[in-house]
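got a structure for you, letters missing:
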Ligand SMILES: [Zn+2]
């Protein structure tokens, strides 16, 4: 009889005696992307992974650990809304996927996750994998603390037409594919619904559909429309039954407009967006997630003869078109998020896109907002991400220098904290 009550006393004592993890961060400058302002000499109080308070004259708990960033500019953790972390080691030809098992692909992805977090991106919206569900495995391994990486919101698979932009293509038609290399194929509104039902069950956080052909897919044409408006509408409707948002890959003008009309949350790439598409995106409040930097990496790979020639033929002329479309969309006041197609460039280089966003019409603050508060809004997570406010995750980074004077300083992040835990400190 004495034993159970003794255990009870010990448990009560232990839980009462466990101190909450309290950290105090002294920030020389703090960028608030929500207000579009910079605050000086701020203290950020972090308790159990969340921001508890931010201000100048906070009462500091006696046992708090202090981190001195008074010489730095502190920002909320960055968010890349278009990554592919779970496709294994970076390769320029997706045919290499056929040389690996799913386990190999997943384990090769471990360093990708670390590189992205250490470069200052504490959250990603990962928008598709060749081998279905490897992204879910990576997300869960990070969440359970098995490996180091950003907080991932994942698509599970591509929802694609057969032989389309998200297909595992390039093999002869008489070679059968395993289930996870054609999981997301759909060719009617009802097949689209069926795939989305599977994805919702299997744990996807959002749905990635492809409404035009792709540059980096064999046998695909980025100028071609894929899926009908009816199929895209079925996707948005079915996803909504599970509380999931839809993003659509689209290069062609018609693919972009079909996606916007169907009600997607964001259009990815939006490469050949025309004036009508820009007006529609503005009217519908659709985010454009335009990867305007990665052409630099495609060209670099081309110079090294490391890019399939059919991909280069698809890509001809598109980069300049996309960058001019980006400039027009910014001018028109369309909602813009930060997405790089990480994996096209090596992992850890996403921040190089900021300078290009400024070159093509954004202010540095707008560029920072695209990767913080706008990205959080696109994810539907404004209450948890995108700025350093009480109740939100303590996801923050620090850089030396002023990103609002020279946005490229974001390419050199000195300090990374995710959910109150320090992952990088110089
Ligand atoms: Zn992509």
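Yes, it's here. A quick note: this is a predicted structure, and the numbers were derived from the prediction, not measured.

low-confidence ranges, the stretch 101-250 of the chain, go.
Within the stretch 101-250 of the chain, no stretch has pLDDT under 70.

mind listing the strands for it?
121-126, 151-154, 158-159, 207-210, 246-250 (DSSP state E, counting those that start in this stretch).

partners of the last one in the sheet?
Translated: strand 246-250. Here strand 246-250 has these sheet partners by DSSP bridges: strand 207-210 (parallel), strand 266-269 (parallel).

can I get those strands in CSV with distance to residue 350 and mean neighbour count?
Just so you know, the C-beta spots here come from the backbone N, C-alpha and C atoms, and that holds for glycine as well. Putting those into CSV (distance: least, C-beta to C-beta, whole Å; neighbours: other C-beta atoms under 10 Å) gives the following:
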stretch, distance to residue 350, mean neighbour count
strand 207-210, 18, 30
strand 266-269, 15, 29
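
export these as CSV, with columns for distance to residue 162.
CSV is the format used below for the strands paired with strand 246-250 (distance: least, C-beta to C-beta, whole Å):
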stretch, distance to residue 162
strand 207-210, 12
strand 266-269, 20
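
for residue 44, find the nearest of the ones you listed.
strand 266-269 (29.8 Å; C-beta to C-beta).

quick check, residue 61 in a strand?
No - with DSSP: H, G, I helix; E, B strand; the rest coil as the criterion, residue 61 is coil rather than part of a strand.

how far away is the closest residue to it other than its chain neighbours from residue 395?
Distances taken as C-beta to C-beta, 6 or more residues apart in numbering put residue 22 closest to residue 61, at 5.1 Å, once the chain neighbours are dropped. To residue 395, residue 22 is 17 Å away according to C-beta to C-beta, to the nearest Å.

tell me the spacing between residue 140 and residue 202.
For residue 140, the distance to residue 202 equals 12 Å [C-beta to C-beta].

please settle this for me: is residue 66 part of a helix?
No - counting by three-state DSSP, residue 66 is not part of a helix but strand.

can you name the residues bridging to the residue nearest to it when sequence neighbours are not counted?
Spatial nearest neighbour of residue 66, chain neighbours left out: residue 24 (4.8 Å); criterion: C-beta to C-beta, 6+ apart. Residue 24 has these beta-bridge partners by DSSP bridges: residue 45, residue 66.

residue 24 is in contact with residue 60, isn't it?
Yes - counting by C-beta atoms under 8 Å, residue 60 is a contact partner of residue 24 at 5.4 Å.

now do the shared contacts for those two.
Contact criterion C-beta atoms under 8 Å, 6 or more residues apart in numbering; residues shared by residue 24 and residue 60: 43, 45, 66.

would you mind checking those for buried ones?
Applying 16 or more other C-beta atoms under 10 Å to the shared contacts of residue 24 and residue 60, the neighbour count classes 43, 45 as buried.

and residue 82, what helix or strand is that in?
Counting by DSSP states H and E, the element that carries residue 82 is strand 78-83.

what does the model give the closest residue to residue 273 other than its chain neighbours for pLDDT?
If the residues on either side of it in the chain are set aside, residue 273 comes closest to residue 325, at 4.4 Å by C-beta to C-beta, 6+ apart. For residue 325, the pLDDT comes out at 98.

what about stretch 213-232, how long is it end to end?
End-to-end span of stretch 213-232 (C-alpha to C-alpha, to the nearest Å): 15 Å.

tell me the buried residues in it?
Within stretch 213-232, the residues scored as buried using 16+ other C-beta under 10 Å are 213-218, 220-222, 225-228, 231-232.

how far away is residue 398 from residue 238?
Distance from residue 398 to residue 238, by C-beta to C-beta: 42 Å.

what comes up buried for stretch 377-388?
Within stretch 377-388, the residues scored as buried using 16+ other C-beta under 10 Å are 377, 378, 379, 380, 381, 382, 384, 385, 386, 387, 388.

surely the second one touches residue 286?
No - with contact defined as C-beta under 8 Å, residue 378 and residue 286 do not form a contacting pair (9.9 Å).

on that earlier part again, between the strands paired with strand 246-250, which gets nearest to residue 415?
strand 266-269 (29.4 Å).

next helix or strand past that closest one?
helix 275-284.

what residues sit buried inside that following helix?
277, 278, 280, 281, 282.

which residue packs closest to the third one, ignoring adjacent ones?
Counting by C-beta to C-beta, 6+ apart, the nearest residue to residue 280 once its immediate chain neighbours are dropped is residue 260, at 4.7 Å.

do I have it right that the one you found meets residue 285?
No - using C-beta under 8 Å, residue 260 makes no contact with residue 285, being 9.8 Å away.

quick one: which of the two has more around it?
For residue 260 versus residue 285, neighbours defined as other C-beta atoms under 10 Å are more numerous around residue 260 (29 against 11).

many thanks, I have nothing further to ask.
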